[in-house]
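J.: can't give you the sequence, but here's the structure:
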């Protein structure tokens with residue numbers, strides 16, 4: 001059994017959405033007596049990777065979890081923390 005929406009199959013519709021891209025955006029704000037308590041901003045972009053690259057969206061290239069850089073960044077952070085601690089120790093000795 002095949003269902004068609006306006007003469008297009010679901011695959012055609014999905015292909016069209018991924019090719020052109022679709023953006024869903026919305027804001028939810030909760031206020032009490034004129035004081036804003038909470039704001040939720042929702043931004044959703046659905047597109048193929050090629051289309052996203054054309055639009056300049058490439059967040060996955062900088063995401064450490066997706067690029068396998070997590071361990072490297074944790075090591076660098078630990079080394080930097082050690083260097084900062086050493087510099088703080090030296091500065092404390094100079095001021096005494």
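T.: Nice, I can see it. In this text the structure is predicted, and so the values were computed from the model without any measurement. Residues are numbered from 1 along each chain as shown.
J.: So which bits of the host helix or strand of residue 14 are buried?
T.: Using DSSP states H and E, the element containing residue 14 is helix 10-20. Residues residue 18 are the ones in helix 10-20 that count as buried (16 or more other C-beta atoms under 10 Å). All C-beta spots, glycine's among them, are computed from the backbone N, C-alpha and C.
J.: Quick one: list the elements packing against that helix.
T.: Contacts defined by 3 or more C-beta pairs under 8 Å, 6 or more residues apart in numbering; DSSP states H and E place helix 10-20 against helix 49-54.
J.: What lies in contact with the helix or strand following the helix it packs on?
T.: Per DSSP H and E, helix 49-54 leads on to helix 64-67 as the next helix or strand towards the C-terminus. Applying C-beta atoms under 8 Å, 6 or more residues apart in numbering, the contact partners of helix 64-67 are 60, 61, 70, 72, 73.
J.: sorry, back to before: from the chain's centre, how far out does the helix holding residue 14 sit?
T.: Relative to the centre of its chain, helix 10-20 is centred 23 Å away, using C-alpha atoms, centre = their mean, to the nearest Å.
J.: again, but for stretch 85-96
T.: 38 Å.
J.: Report the mean confidence score over it.
T.: The average pLDDT within stretch 85-96 is 87.
J.: Repeat that for stretch 44-63.
T.: 83.
J.: buried set for it?
T.: 47, 51, 52.
J.: show me what contacts the second one?
T.: What it means is residue 51. For residue 51, counting by C-beta under 8 Å, 6+ apart, the contacting residues are 18, 19, 20, 21.
J.: which residues does the second one contact?
T.: With contacts taken as C-beta under 8 Å, 6+ apart, residue 19 has the following neighbours: 48, 51.
J.: By residue count, which helix of this structure is the longest?
T.: helix 70-95 (DSSP state H).
J.: what's the offset of that helix from the middle of its chain?
T.: 28 Å.
J.: one step back: tell me the angle whatever helix or strand comes next after the helix holding residue 14 makes with helix 10-20.
T.: Toward the C-terminus, helix 10-20 is succeeded by strand 22-32 as the next helix or strand (DSSP H and E). Interaxial angle of strand 22-32 relative to helix 10-20 (axes from the mean of the first three to the mean of the last three C-alpha atoms, to 10 degrees): 80 degrees.
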